[in-house]
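Colleague: build me a model from this:
(one chain, ligands or ions: 1)
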Amino acid sequence: MKLPSGFRVRVPWAGPLTSVKVRGSLSGSVAVTRPVVAVSSAVVTFVARSTADVSRADAQVALEDFSFDVGDAEGLIVEGGDTVYVANEDPFRHTFTVDDLGIDVAFGPGSQQLIEIPAQPGTYTLYCRPHTSNPDDPAEDDMTTTLTVG
Ligand SMILES: [Cu+2]
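Modeller: The predicted structure follows:
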C-alpha cells in the first residue's frame, strides 16, 4: 500500500518491527524493515507485530475465525519440549490454554508468541477461554482442538 503524501509518523519504540498495520481511515498494511513507519495527522491506530521468531518454532498455529488452525492435522501434534509459534489473525483477543499443562497465554489482536510445550506426553484439550463454555465438555462451536504431545 502506498501512503498518501504528507503521512509521516515515527514509531515510538526502538525494537525491531516486522510489519505494521495501519487501521482507521486507511486500509491495508505497510511492510517495513526498519523501525520507522508512519501514520497520519488524523487519528489512526496501528498495531505492531511482535517479534516472535517463527524460524525458531517446531510447529505453527493460527488463531483464526474462532478456531485453531493447525494445518491439515487433526489437532496440534508436537513432541515434548517443542516450541510452537502461535499467531492471532483475528481482530479480537484469544487464548491458547491447556489446563493440564499449565499453559494459558493470551493473544491480543494480531499478536504472536512462541510457546514451549512441556515434556508431558499425552493428549490434552487445547482451548480458548473466551470462546469455550466448558473445556471439560467442549461443544462443536467452541474454540477447541486437541494437543497431542509425543
Ligand atoms: Cu478465542
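Colleague: surely residue 96 and residue 105 touch.
Modeller: Yes - judged on Cβ atoms under 8 Å, residue 96 makes contact with residue 105 at a distance of 4.8 Å. Where you see a C-beta, it was placed from the backbone N, CA and C, and this is true even at glycine.
Colleague: stretch 59-68: end-to-end distance?
Modeller: 13 Å (Cα to Cα, to the nearest Å).
Colleague: now swap in stretch 68-83 and tell me
Modeller: This stretch, stretch 68-83, spans 16 Å end to end (Cα to Cα).
Colleague: same question, stretch 99-119
Modeller: Termini of stretch 99-119 sit 15 Å apart (Cα to Cα).
Colleague: can you check stretch 111-123 too?
Modeller: 26 Å.
Colleague: need the residues that contact it.
Modeller: 49-50, 52-54, 56-57, 75, 78-88, 96, 100-103, 105, 107, 146-150 (Cβ atoms under 8 Å, 6 or more residues apart in numbering).
Colleague: hmm, it touching the ion?
Modeller: No - figure legend: stretch 111-123 not in contact with the ion (Cβ under 5 Å from the ion); closest approach 12.8 Å.
Colleague: quick one: buried residues of that stretch?
Modeller: Neighbour-count burial for stretch 111-123 flags 111, 112, 114, 115, 117 (criterion: 16 or more other Cβ atoms under 10 Å).
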